[in-house]
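>>> sequence and predicted model, in that order:
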Amino acid sequence: MTAPEPHPPVSRSSAGHEARPEQAEGPPATSHQARPEPAEGPPATKPALSPPKGRNSSPPPAPLPLWFASVLSLLGGGLIVLSVPRMNWEPLGFIGLIPLFVALEGASYRRVFWCAWLFGLVTNIGGFPWITELLIRFGNLHWGLALVLHLLLGSFQALMFPVAALGATWLRRARVPFLPAWIAGFLLTDYVFPMIFPWYLAMSQHRFTVFIQVADLVGVVGVTSLVVAINAALYLGLMAWADRSPGRPAWLPRDLFDRRELVWSAAAVGAATVATLVYGFVLRERYHEIRARADKVPFGLVQPDIGIRQKRDPAFSSDNLDVLQRMTAEAEARGALVAVWPEASFPYALPHDPPPEGRLLRDRREGDSMRIRRGFSIPLVFGSITRGTNPPRRYNSSFVLDGEGLLHGPVDKNVLLMFGEYIPLRDQLGFLDRWFPRAGSLAAGSRPELLPLGSLTLGILNCYEDILPRYVGRLMRAGPPNVLVNITNDAWFGDSAEPYQHLALAVFRSVEQRREMVRAVNTGVSAHVAATGELLWQSSIFVPALHVAEVVPYAGRTVYSIVGDWPGYGVLVAIVAWAAWRRLRRPRYPVDRGAADRPPGRPA
């Protein structure tokens, strides 16, 4: 929206009529009577000039009462919470930002920050209540301290929305129209703001597969931008109705946008949405046809449902391994040619250092209680903790056990979970060990790597690496792999929405890279994701599950895989440069000093 230039108030001495002195008592003066000479003093000034009428020449709206703006912000955050798993009321994702837009009209920067932060607080605490249980289970914290830390974490992650809102507000005050201003605001927060648990507004549309096919061009951030644009267009339509409707609510501002901005915004968003849906329908049908004709590799996905305490107790190591081996033998009997176990599922530590020169890393001999292959003969992808000696570190690693008993790997997890697998500043802040006694002290891998499986290559995504688009982009540049394999243990989060939210975010990696993904998750949700993002199979949580997934290996790279987020960065830089140019070219009108110093809309 173009910020209107203030129309300076006109003083009584410069209003185009000279002030009349008070009349003496008696009959009124007739027209032929001479008027008294004005008192000596400075000459009357000419009326101050106002900007030319036209675009956004109406005064800015008065902000809503703070309590009402706060309620609208909380309402908008609640709509976003309902749009994501587990509720999955996807249409709410296309209107969830509208209450926030209304709350921010005419607001100061301070109020913009407050309202957007409230919006973010609801989405990050109400949408992710499982964080409290994670801290209790993972960190062994008292529930009260866990709640406090959850509130602190939610308060920090809520800042993603003030970053977007303040950026959009600055751009609008630089006379950038509403639609590109808010798109740029969310590009800024998605690209710049650091997140411990990254998520995107596009997650609300993960089941709307026709809509998300465009991710192979623009990535999940581009899909988020389209969600923001639809919210903005609907908001502009609401404002257009407010301008024309005599029965509009009194709290809706009027005359905010001129007709040209409304028309071109609606046309642009409408065209982009139609193009997205047409592209999505065509691409989805194309991949359906490719999948129907392609050769497939049967992957056995093993979900053993081993509880956290049982998994961590060495007394159960042999039993846990037996469960995995028996389920793998059953998968082989069902026709699987390769099996996948979850993250760190092998209950014994394996060496991380490469074997001496001339030797190969092999499975244990027959009869050894730590032998991996027992009762089955197919290759296996699995996770294990490994120990290095130079330097002495522990890693969260993955291996492939081939048909000859050779171990390929390890491939280490690159992106570790803060306060779960490592504690930042652990050496400097010793009390953190007492606060998080169960937190690990793992070392991160240095680069993404692939694992061989016969003629195929596998891209291993350990734990939540499958929700990180940039990391998966690095993995694709290292190969690219034919199949994405995610091994995870989400048991820490309990019976909550987290496993479903994890899956919803992972879906976008399959679309961005046009790769099928198989997920073996200890307690669920295990899944088989098509290259279109469609869920071909998914398990329930906290039940043992076994599924043989017919997986299509793909080759080649998508546009997004090649260019990544550079187009999005380019759009952001272009909009900011546009704002700077418009600020420099803003016309200056001769106004009295008092009016020029007053912000728009503030009375004299």
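Everything's here; your move.
>>> and the strands in this protein?
297-303, 338-340, 350-351, 380-389, 392-401, 407-412, 450-453, 456-462, 483-488, 517-521, 527-529, 535-538, 545-551 (DSSP state E).
>>> other SSEs contacting the last one?
The reference is to strand 545-551. strand 297-303, helix 317-333, strand 527-529, strand 535-538 (3 or more C-beta pairs under 8 Å, 6 or more residues apart in numbering; DSSP states H and E). Where you see a C-beta, it was placed from the backbone N, CA and C, and this is true even at glycine.
>>> next: the second one.
With contacts defined as 3+ C-beta pairs under 8 Å, 6+ apart, the packing partners of strand 338-340 are strand 297-303, helix 317-333, strand 380-389.
>>> possible to save the helices and strands packed on strand 545-551 as JSON lines with mean pLDDT?
Shown next, in JSON lines, are those (pLDDT from 0 to 100):
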{"stretch": "strand 297-303", "mean pLDDT": "98"}
{"stretch": "helix 317-333", "mean pLDDT": "98"}
{"stretch": "strand 527-529", "mean pLDDT": "98"}
{"stretch": "strand 535-538", "mean pLDDT": "98"}
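>>> okay, these in TSV with distance to Ala116 next?
Shown next, in TSV, are the helices and strands packed on strand 545-551 (distance: least, C-beta to C-beta, whole Å):
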stretch	distance to Ala116
strand 297-303	40
helix 317-333	46
strand 527-529	33
strand 535-538	33
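>>> indicate which one of the ones you listed is closest to Pro198.
Checking these against Pro198 by C-beta to C-beta gives strand 527-529 as the closest, at 18.3 Å.
>>> test my guess that Gly126 contacts Leu75.
No. Taking contacts as C-beta atoms under 8 Å, Gly126 lies outside contact range of Leu75: 11.7 Å.
>>> residue contacts, the spatially closest residue to Leu104 that is not a sequence neighbour?
Spatial nearest neighbour of Leu104, chain neighbours left out: Val112 (5.4 Å); criterion: C-beta to C-beta, 6 or more residues apart in numbering. Residues counted as contacts of Val112 (C-beta atoms under 8 Å, 6 or more residues apart in numbering) are 104, 162, 165-166, 169.
>>> what sits against the closest residue to Leu149 other than its chain neighbours?
Computed as C-beta to C-beta, 6+ apart, the closest residue to Leu149 that is not its neighbour in sequence is Leu135, at 5.6 Å. Leu135 is in contact with 141, 145-146, 149-150, 419, counting by C-beta under 8 Å, 6+ apart.
>>> nearest to Pro194, of these?
Phe419 (14.7 Å).
>>> what's the burial count for Ala240?
Residues near Ala240, counting by other C-beta atoms under 10 Å, number 18.
>>> so what's the residue nearest to it when sequence neighbours are not counted up against?
Computed as C-beta to C-beta, 6+ apart, the closest residue to Ala240 that is not its neighbour in sequence is Leu262, at 5.1 Å. Going by C-beta under 8 Å, 6+ apart, Leu262 touches 236-237, 239-240.
>>> low-confidence regions, this structure specifically.
1-61, 138-139, 247-248, 250-251, 253-255, 358, 419-420, 423-440, 587-604 (pLDDT under 70).
>>> let's go with 50 and repeat that
Across the chain, the ranges flagged by pLDDT under 50 are 1-57, 589-604.
>>> find the centremost residue of it, please.
Taking C-alpha atoms, centre = their mean, the centroid of the chain lies closest to Tyr200, which sits 1.7 Å from it.
>>> I'd assumed Leu187 was in contact with it.
No. Tyr200 is beyond contact range of Leu187, at 11.5 Å (criterion: C-beta under 8 Å).
>>> need the residues touching each of these two.
Val221.
>>> what's the angle between the top helix by length along the chain and strand 545-551?
Across the chain, the longest stretch assigned as helix under DSSP state H is helix 259-293. For helix 259-293 against strand 545-551, the angle by axes from the mean of the first three to the mean of the last three C-alpha atoms, to 10 degrees is 90 degrees.
>>> which positions in helix 259-293 come out as buried?
By 16 or more other C-beta atoms under 10 Å, the buried positions in helix 259-293 come out as 261-262, 265-266, 269, 272-273, 276, 279-280, 283-284, 287, 291.
>>> what about Ala168, distance to Arg111?
As judged by C-beta to C-beta, to the nearest Å, Ala168 and Arg111 stand 14 Å apart.
>>> the more surrounded of these two?
Ala168 (27 against 18).
>>> okay, now the nearest residue to that one once chain neighbours are set aside: neighbour count?
Nearest residue to Ala168, sequence neighbours excluded (C-beta to C-beta, 6+ apart): Gly185, at 3.4 Å. Number of residues near Gly185 (other C-beta under 10 Å) recorded here: 26.
>>> and Tyr348, by the same measure?
Neighbour tally, Tyr348, other C-beta under 10 Å: 14.
>>> shouldn't it be in contact with Pro314?
No. The criterion here is C-beta under 8 Å, and Tyr348 misses it with Pro314 at 9.1 Å.
>>> so Leu468 touches Pro198, yeah?
Yes. With contact defined as C-beta under 8 Å, Leu468 counts as touching Pro198 (6.6 Å).
>>> now neighbour count too, for the contacts of Val112, in a markdown table please.
Below are the contacts of Val112 laid out as a markdown table (neighbours: other C-beta atoms under 10 Å):
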| residue | neighbour count |
| --- | --- |
| Leu104 | 24 |
| Pro162 | 23 |
| Ala165 | 30 |
| Leu166 | 18 |
| Thr169 | 22 |
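>>> what backbone torsions are found at Pro356?
Note on Pro356: backbone dihedrals following degrees, to the nearest 10 are phi -60, psi 150.
>>> measure it to Tyr348 for me?
Counting by C-beta to C-beta, the separation of Pro356 from Tyr348 is 21 Å.
>>> repeat that for Gln213.
Distance of Gln213 to Tyr348, computed by C-beta to C-beta: 43 Å.
>>> repeat that for Arg309.
For Arg309, the distance to Tyr348 (C-beta to C-beta) stands at 18 Å.
>>> can you map out the helices along the stretch 451-600 of the chain?
Secondary structure of the stretch 451-600 of the chain, counting by DSSP state H, counting those that start in this stretch: helices at 469-477, 498-513, 559-563, 566-584, 593-597.
>>> dump these into a markdown table; add distance to Val338 and mean neighbour count as well.
Putting those into a markdown table (distance: least, C-beta to C-beta, whole Å; neighbours: other C-beta atoms under 10 Å) gives the following:
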| stretch | distance to Val338 | mean neighbour count |
| --- | --- | --- |
| helix 469-477 | 19 | 19 |
| helix 498-513 | 19 | 26 |
| helix 559-563 | 24 | 17 |
| helix 566-584 | 36 | 15 |
| helix 593-597 | 72 | 12 |
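>>> show me the one of these that comes nearest His206.
Of all the helices of the stretch 451-600 of the chain, the one in closest proximity to His206, counting by C-beta to C-beta, is helix 498-513 (4.1 Å).
>>> for that closest one, packing partners?
Packing contacts for helix 498-513, counted by 3+ C-beta pairs under 8 Å, 6+ apart, involve helix 209-212, helix 215-244, helix 469-477, strand 483-488, strand 517-521, strand 527-529, strand 535-538, helix 559-563.
>>> return the most buried member of those.
Sort these by mean neighbour count, taking mean count of other C-beta atoms under 10 Å, and strand 517-521 sits at the top with a mean of 28.
>>> ok and it relative to strand 483-488, angle-wise?
Using the same axes, to 10 degrees: strand 517-521 against strand 483-488 is 20 degrees.
>>> could you name the helices and strands sitting against strand 517-521?
Counting by 3+ C-beta pairs under 8 Å, 6+ apart, the packing neighbours recorded for strand 517-521 are strand 297-303, strand 483-488, helix 498-513, strand 527-529.
>>> can you tell me the strand partners of the last one and which way each runs?
Read it as strand 527-529. strand 517-521 (antiparallel), strand 535-538 (antiparallel) (DSSP bridges).
>>> turn those into a markdown table, including distance to Val529.
Compiled in a markdown table, the strands paired with strand 527-529 are given as follows (distance: least, C-beta to C-beta, whole Å):
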| stretch | distance to Val529 |
| --- | --- |
| strand 517-521 | 4 |
| strand 535-538 | 6 |
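>>> nearest approach to Val483 belongs to which of those?
Among the strands paired with strand 527-529, the nearest to Val483 by C-beta to C-beta is strand 517-521 (6.9 Å).
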